[in-house]
Each structure stands twice: as structure tokens, then as C-alpha cells.
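Asks: pasting the sequence and the predicted coordinates here, then a few questions.
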Amino acid sequence: MWDKMRKISIALLLSVFLLPIISNGQTNVSLNPTVGAKLSVGVDKKIVKGFHVSLSEEIRLDNNFCKFDRFHTTLALSYKVNSYFKVGVGYAMINPYSSTNKAFKKARHRFMVDATGSILAGNWKFSLKERFQMTHYSGDINEYQKPRNALALKSRFTVKYYFSKKYSLYTYVEMRNYLNAPVIAAAYDGTNYLTTDDYEQKGDAGWFLKGFNGGYINRLRGCLGTEIKIGKHNTINAFFQGDFVNDKVVDANAEGTKLKSYNRERGFVGWLGFEYEFSF
């Protein structure tokens, strides 16, 4: 049984790592892998039976641990309906840091709604979590390039094995679906963007913004981690995440009449993570 489930876990991770390459086999894919770190501390308070409130603070380092990336503050409320189903809401304030300007950028505000279904089978736990989120960009943005309120749906499937009440090993795969990506009208010959009036004329495309109703999967994530309970109130979580990112990036003038570039940016980022939580 253990060997079978271990093979399933490995297969899930490989599917996340290989799918972007396989599905884009006829496209030049530039990965440019980097590694970063996610370090966080948090508290979890039981209000009444089934209801919990939590607060966490995360620091991120990227560019092979050489650059401070952001503070990530999250406040969440969850309710366990029964042993199979849990719901939750949350708010996160994201404070990104610009290493170029040596200053923090305008904060982003993220609102989340979660629904998680899970089943236990012996020492195994299987769960599926769906998260709908809206991220509000409070700073100055070109709204022809991206919406001020970005919508996404995350789907995460997790397999967890409990060696004991204090020690467990887990793996998960997660898909992030961007729900309101910009949709543009522009001619593309596979190498260059062309004017819509004359396909032989290369350069800036004659294009227009059709709206923000485009959807595509812009990130696939795999993770392998371990969770250790130290006493009744303390939990340590250590993990490695691998993110394949596939973003459609629009660069336009402020009036939305000139398309400077419209590219797919693909990359891989590995994250080493360490989390500490105090629960009471």
C-alpha cells in the first residue's frame, strides 16, 4: 500500500513539473530557474468548536535568496462543517519591495473564499481545496495591461500520510486559473505582431482591448513537505515548492491604442519554505 501511494505522489509531482513542457512542445520555452525562500510565523485560535481564526506573517526572498521580495500578512477565519468539509474566508495584505527603488510599492489587497473536502483512509488523508480570490492593485497601473481587480481560482489536491499523531509527510499539486485576463485583437504570424490592415507590415499591431474576460492556467505548482507537532501548541512545517509560471504579459501605452509587446513569460521558481504556528 505504501509503495503504491508513494508512486502516486511521485507521479503527481512529475505531472506538475512536466506538463508545461509537454503541452508547449512546439514552442520555445525559456525556464530561467531561480530559487527563493518563504519564511512565516503564525497563530491559530479556536473560538468555539469548529471555528478558528488565524494570523500569519510571511517574508519572501527570491533571486536565489539574494533579494527581499515582500511581506505577506494574512488574516483568516475557518469553519469545519463536519469531518469531511471545511469553509473559510481570508484577507491578505501584500507589501512588495522594489530593490531598484529601495522602497516598498503600493500594497496589494487580496480577498479569499475557500472550500475544502477531505477523506481519511487509515493513515492517509486526501483533500481537494478550491479557492476563489480577488487581488486589488491599489497603486498606479495601466488598466489596458491588467485589471485593477485580478480574479483567480486555485485548485489544490493534497495527499498526506500520518506516521504518528506528531509527524506527517505530504505532497500536493495546485493549478491556478486566471479568470479575467486581458483579451486583445491583434494579428500574429508566430514571430511578429502585425497591423490588422496589412499583414505584411511588421511592427506595432493595430489592436484594441476587447475586455478582461480571458481565462487561462498561468501557474502549476507541486510541493513536498513535512509537518511536525511539538507538544500541544507548536507546529513546524518545512517544504519545497516548484512553480511553473506561464503568464501572458501585455505592454501597452496608457491610451490602449498601441501594443508595444504581448508575450508569454515562462519560468520556474523553486521555494524552500519554513513555517511555525502556535495554536491555542
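Replies: Perfect, I can see it now. Numbers count the residues shown, from 1 in each chain.

Asks: low pLDDT regions in the stretch 51-200 of the chain?
Replies: Within the stretch 51-200 of the chain, the stretches with pLDDT under 70 are 185-200.

Asks: what segments of it are strands?
Replies: Ranges of strands in the stretch 51-200 of the chain, per DSSP state E, counting those that start in this stretch, are 51-62, 67-80, 85-98, 103-104, 108-121, 124-137, 149-162, 167-185, 187-188, 193-194.

Asks: which neighbouring elements make contact with the fourth one?
Replies: By that I understand strand 103-104. Contact here means 3 or more CB pairs under 8 Å, 6 or more residues apart in numbering; DSSP states H and E; on that basis strand 103-104 packs against strand 85-98. (Glycine included, C-beta is placed from N, CA and C.)

Asks: what's around residue 267, how many residues?
Replies: Counted with other CB atoms under 10 Å, the neighbours of residue 267 add up to 16.

Asks: what sits opposite it in the beta ladder?
Replies: Beta-bridge pairing of residue 267 under DSSP bridges involves residue 245.

Asks: any chance of the strands of the stretch 51-200 of the chain in CSV, plus mean neighbour count and distance to residue 44?
Replies: Below are the strands of the stretch 51-200 of the chain laid out as CSV (neighbours: other CB atoms under 10 Å; distance: least, CB to CB, whole Å):
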stretch, mean neighbour count, distance to residue 44
strand 51-62, 16, 4
strand 67-80, 16, 9
strand 85-98, 15, 12
strand 103-104, 10, 27
strand 108-121, 15, 15
strand 124-137, 16, 17
strand 149-162, 17, 18
strand 167-185, 18, 17
strand 187-188, 13, 49
strand 193-194, 20, 50
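
Asks: who wins for proximity to residue 268 among the ones you listed?
Replies: Residue 268 lies closest to strand 51-62 among the strands of the stretch 51-200 of the chain, at 12.4 Å (CB to CB).

Asks: and residue 245, what does it touch?
Replies: 218, 219, 265, 266, 267, 268, 269 (CB atoms under 8 Å, 6 or more residues apart in numbering).

Asks: same thing but 10 Å
Replies: The contact partners of residue 245, by CB atoms under 10 Å, 6 or more residues apart in numbering, come to 20, 31, 176, 218, 219, 220, 221, 265, 266, 267, 268, 269.

Asks: from these, which single one is nearest residue 56?
Replies: Nearest to residue 56 among those: residue 221, at 18.6 Å, using CB to CB.

Asks: neighbours of that closest one, how many?
Replies: Residues near residue 221, counting by other CB under 10 Å, number 19.

Asks: work out for me the element it sits within.
Replies: For residue 221, the host element (DSSP states H and E) is strand 208-230.

Asks: note down every partner strand of that strand and its orientation.
Replies: In the sheet, strand 208-230 lines up with strand 167-185 (antiparallel), strand 234-252 (antiparallel) (DSSP bridges).

Asks: ok now the last one, how far from the chain's centre?
Replies: Distance of strand 234-252 from its chain centroid, counting by CA atoms, centre = their mean, to the nearest Å, is 5 Å.

Asks: what of stretch 173-186?
Replies: 13 Å.

Asks: confidence score at residue 23?
Replies: For residue 23, the model assigns a pLDDT of 36.

Asks: hmm, back to that, right, so of the strands of the stretch 51-200 of the chain, which gets closest to residue 42?
Replies: strand 51-62 (3.1 Å).

Asks: just the CA trace of that closest one, in CSV.
Replies: The C-alpha coordinates for strand 51-62 follow below in CSV (Å, rounded to 0.1, in the frame of the first residue of the first chain):
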residue,chain,number,x,y,z
PHE,A,51,-14.5,28.0,14.3
HIS,A,52,-10.8,29.1,14.1
VAL,A,53,-9.2,32.4,13.4
SER,A,54,-5.6,32.7,12.3
LEU,A,55,-3.0,35.4,11.7
SER,A,56,0.3,34.9,9.9
GLU,A,57,3.2,37.0,8.7
GLU,A,58,5.4,35.8,5.8
ILE,A,59,8.7,37.1,4.4
ARG,A,60,9.8,36.1,0.9
LEU,A,61,13.3,36.1,-0.6
ASP,A,62,13.8,35.5,-4.3
